[in-house]
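S.K.: I'll drop the sequence and a predicted model, then ask my questions.
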Amino acid sequence: MAVKSFLIANSVIKQSKKLPRPIRDRLVTSFSAIHKDPIKGVKLHGELKNYYKYRIGDYRIVYSFDSKASIVVVVKIEHRQGVYK
């Protein structure tokens, strides 16, 4: 089930430029995987219950998915130690 719209926040674009090179190289394939199957990520709990996470090594992509409108919005890409704070 591919989504109709895939949005990336401006802060994520700026933040992605600071990521290590191997992680940046894997972003395109990760975004493609999320676009094809947004439920492939793991549903988060607690305060972030409306979001999903997708692993790229020690880094996480945090995104929201609206199944009714078929929209994915990437809100954060960070190292696993600080992404949930």
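M.R.: Great, that's in hand.
S.K.: does the spatially most central residue of the chain sit in a helix or strand, and which one?
M.R.: The residue lying closest to the centre of the chain (C-alpha atoms, centre = their mean) is I61, at 3.2 Å. Assigned by DSSP states H and E, I61 belongs to strand 59-66.
S.K.: Check which helices and strands the helix or strand just after that strand sits against.
M.R.: Toward the C-terminal end, the helix or strand that comes next after strand 59-66 (DSSP H and E) is strand 71-79. The helices and strands touching strand 71-79, judged by 3 or more C-beta pairs under 8 Å, 6 or more residues apart in numbering; DSSP states H and E, are strand 5-8, helix 10-16, helix 21-36, strand 59-66. C-betas here are computed from N, CA, C, even on glycine.
S.K.: List the buried residues in strand 71-79.
M.R.: By neighbour count with 16 or more other C-beta atoms under 10 Å, strand 71-79 contains the buried residues V72, V73, V74, K76, I77, E78.
S.K.: Identify the residues contacting that strand?
M.R.: Residues from elsewhere that reach strand 71-79 (C-beta atoms under 8 Å, 6 or more residues apart in numbering): 3-9, 11-12, 15-16, 19, 27, 31, 34-35, 38, 51, 58-66, 83.
S.K.: So how do I select the buried members of those residues in ChimeraX?
M.R.: Here is the ChimeraX command that selects the buried residues among the contacts of strand 71-79 (16+ other C-beta under 10 Å):
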select :3,6,8,12,19,27,31,34,38,51,59,60,61,62,63,64,65,83
